[in-house]
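1. Provided below for reference: sequence and predicted model.
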Amino acid sequence: MRADPLLEWRKEFPILEKTTYLISHSLGAMPRRAANALQEFAETWASRGVRAWEEGWWEMPVTTGDLIGSIIGAGPGEVVMHQNVSICQSIVTSCFDWSGQRNRVVTDGLNFPSNDYIYYGLERQGARVYQVASPDGMALPLAPMLAAIDETTQLVSVSHVAFRSSFVQDLAAIVQRTHEMGALVIADLYQSAGTVPVDVRALGVDFATGGSVKWLCGGPGAGYLYVRQDLRAQLQPTATGWMAHSHPFEFESGPIHFAADAFRFLNGTPNIPALYAARSGYEIVNQIGVDAIRAKSQRQTQRLIELAEDAGFPVRSCRDPQARGGVVVLDVPNGIEVTRELGRREVLVDYRPNAGIRIAPHFYTADEELDRVINEIRSILESRQSR
Ligand SMILES: Cc1ncc(COP(=O)(O)O)c(C=O)c1O
């Protein structure tokens, strides 16, 4: 078998020295250089003080966003950084009037709960939320999703890759139907960006959001928001702040005059240390390229499925490699306890109710680690049986 060139990256991730790390759908491993970046933040704060704002900090939500832009197909200056997806969703939904005839929000039944909490909250402003149910909680057929989008729809929310099952949705078809109905799409790319290729401009997605914690190996506190450039001028978020003003340092009171560029979608002081920490992961993903990550991921998730089937473990994730993201879900008995015992054995995975044990190889995963997780699960189940 050919050597795997991506394994060269293992030495850049300290946790891999001791731990079988199969949980990048939850928290990607920390790149060694992220620690240097945080040190650089501290030194800049210490030595440059307030001058740091005009020496780069002020622009950082957009300059850091550019690194995400090249991963998701956005252009320079089209992505801004926030703390998390929940905030980005609130900013987007605050751009619309929900009291008129076009007041329907369509949300896919596999969406991350935080997103739905925000949409249902809009009912107080007149929105009507329609959640397209998933028959099994794992996949969502396209037809009912498309049928739910009608001429009263204002916003369609899709999780590109579902967090629970890693099911990949047909974003292109959903965007097309949404636009035919005169509505807009917000795509949650959290579980795709960095592991499944996505091109927001080619797809025509109107808004996209995601964060850094998972496949991008950027750590917590750095979420991103992409807004289609030609929509900007018509959008006036009520979830806003002084950084979104066209002349923030004039400190005008009264209503805001929005910036014409992507600063329009910012609010208050950004989380600068989180942006320092996050950049290393984005740089690495950019350097490797998502196509190479995806090719390896498809090979390794397929291998995991085969190993699990040989061991007799029910596999709940999608068999079609095109419709499967980076995670394999196994429905073994006593999944929570098995997951805890795996952790004690230095094999990190997680468990989600109504799904099972989620296992995610990433670009730094060695094939032997796939054998290891399956063998450890087998040994844990056998030792439970013999008790
Ligand atoms: C698809 C998806 N969206 C959103 C989130 C989290 O949102 P937030 O950044 O608001 O914590 C997660 C993960 O936890 C997720 O998997």
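-> Arrived safely, thanks for sending. Remember, predicted model here, so these are calculated numbers, not experimental data.

2. need the longest strand for the protein.
-> What stands out as the longest strand in the chain, according to DSSP state E, is strand 153-159.

3. do you know how far residue 144 is from the ligand?
-> Relative to the ligand, residue 144 is positioned 20 Å away (C-beta to the nearest ligand atom, to the nearest Å). All C-beta spots, glycine's among them, are computed from the backbone N, C-alpha and C.

4. where's that residue, which helix or strand?
-> Take DSSP states H and E as the rule and residue 144 turns out to sit in helix 142-148.

5. show me what that helix is packed against.
-> Helices and strands in packing contact with helix 142-148 are listed as strand 104-108, strand 128-132, helix 171-180; criterion 3 or more C-beta pairs under 8 Å, 6 or more residues apart in numbering; DSSP states H and E.

6. can you give the distance from the helix or strand just after the longest one to the centre of its chain?
-> In the C-terminal direction, the helix or strand that comes right after helix 171-180 (DSSP H and E) is strand 184-188. Using C-alpha atoms, centre = their mean, to the nearest Å, the mean C-alpha position of strand 184-188 is found 13 Å from that of the whole chain.

7. strand 184-188 vs the ligand: in contact?
-> Yes - when contact is scored as C-beta under 6 Å from any ligand atom, part of strand 184-188 falls within range of the ligand: residue 188.

8. partners of that strand in the sheet?
-> Sheet pairing for strand 184-188, assigned by DSSP bridges, gives strand 153-159 (parallel), strand 207-211 (parallel).

9. ranking those strands by burial, who's on top?
-> strand 207-211 (a mean of 28; mean count of other C-beta atoms under 10 Å).

10. got the contact list for that strand?
-> Residues external to strand 207-211 that are found in contact with it (C-beta atoms under 8 Å, 6 or more residues apart in numbering): 68, 72, 74, 84-85, 88-89, 92, 184-190, 192-193, 198, 200, 218, 222-228.

11. tell me which strands and helices the helix or strand following it is in contact with?
-> Heading C-terminal from strand 207-211, the first helix or strand you meet, by DSSP H and E, is strand 223-227. Using 3+ C-beta pairs under 8 Å, 6+ apart as the contact definition, the elements that strand 223-227 packs against are helix 60-72, strand 79-82, helix 85-93, strand 207-211.

12. now do strand 223-227, average pLDDT.
-> Model confidence over strand 223-227 averages 98 on the pLDDT scale.

13. and the helix or strand following that strand with the ligand, contact?
-> Towards the C-terminus, the helix or strand next in line after strand 223-227, according to DSSP H and E, is helix 272-288. No - for helix 272-288 and the ligand, the contact criterion (C-beta under 6 Å from any ligand atom) is not met; the two come no nearer than 11.6 Å.

14. can you list contacts of helix 272-288?
-> 6, 9, 12, 28, 31, 33-34, 37-38, 40-41, 57, 60-61, 64, 67-68, 70-71, 81, 83, 194, 212, 215-222, 293, 363.

15. off-centre distance for the next helix or strand after that helix?
-> Of the helices and strands lying after helix 272-288 in sequence (DSSP H and E), the nearest is helix 290-310. Relative to the mean C-alpha coordinate of its chain, helix 290-310 is positioned 20 Å out (C-alpha atoms, centre = their mean).

16. tell me which residues in helix 290-310 are buried?
-> For helix 290-310, a neighbour-count test (16 or more other C-beta atoms under 10 Å) marks 290, 293-294, 296-298, 300-301, 303-305, 307-308 as buried.

17. give me the mean pLDDT for it.
-> Helix 290-310 comes out at a mean pLDDT of 97.

18. same for the next helix or strand along the chain from it, what does it pack against?
-> Using DSSP H and E, the helix or strand that directly follows helix 290-310 along the chain is strand 328-330. For strand 328-330, the helices and strands in contact under the criterion 3+ C-beta pairs under 8 Å, 6+ apart are helix 290-310, strand 356-359.

19. and the nearest residue to residue 24 once chain neighbours are set aside, what element?
-> Excluding the flanking residues, the one nearest residue 24 by C-beta to C-beta, 6 or more residues apart in numbering is residue 362, at 4.0 Å. In the assignment (DSSP H and E), residue 362 maps to no helix and no strand.

20. tell me how many other residues crowd the nearest residue to residue 202 once chain neighbours are set aside.
-> Distances taken as C-beta to C-beta, 6+ apart place residue 73 nearest to residue 202, at 6.1 Å, with adjacent residues excluded. Counted with other C-beta atoms under 10 Å, residues neighbouring residue 73 total 19.

21. quick one: residues contacting residue 267.
-> Going by C-beta under 8 Å, 6+ apart, residue 267 touches 82, 87, 91, 239, 240, 241, 242, 243, 244.

22. cool, and residue 16?
-> Under the criterion of C-beta under 8 Å, 6+ apart, the neighbours of residue 16 are 10, 29, 364.

23. residue 132: what's it in contact with?
-> Each residue near residue 132 by C-beta under 8 Å, 6+ apart is listed here: 106, 107, 108, 109, 140, 144, 145, 148.
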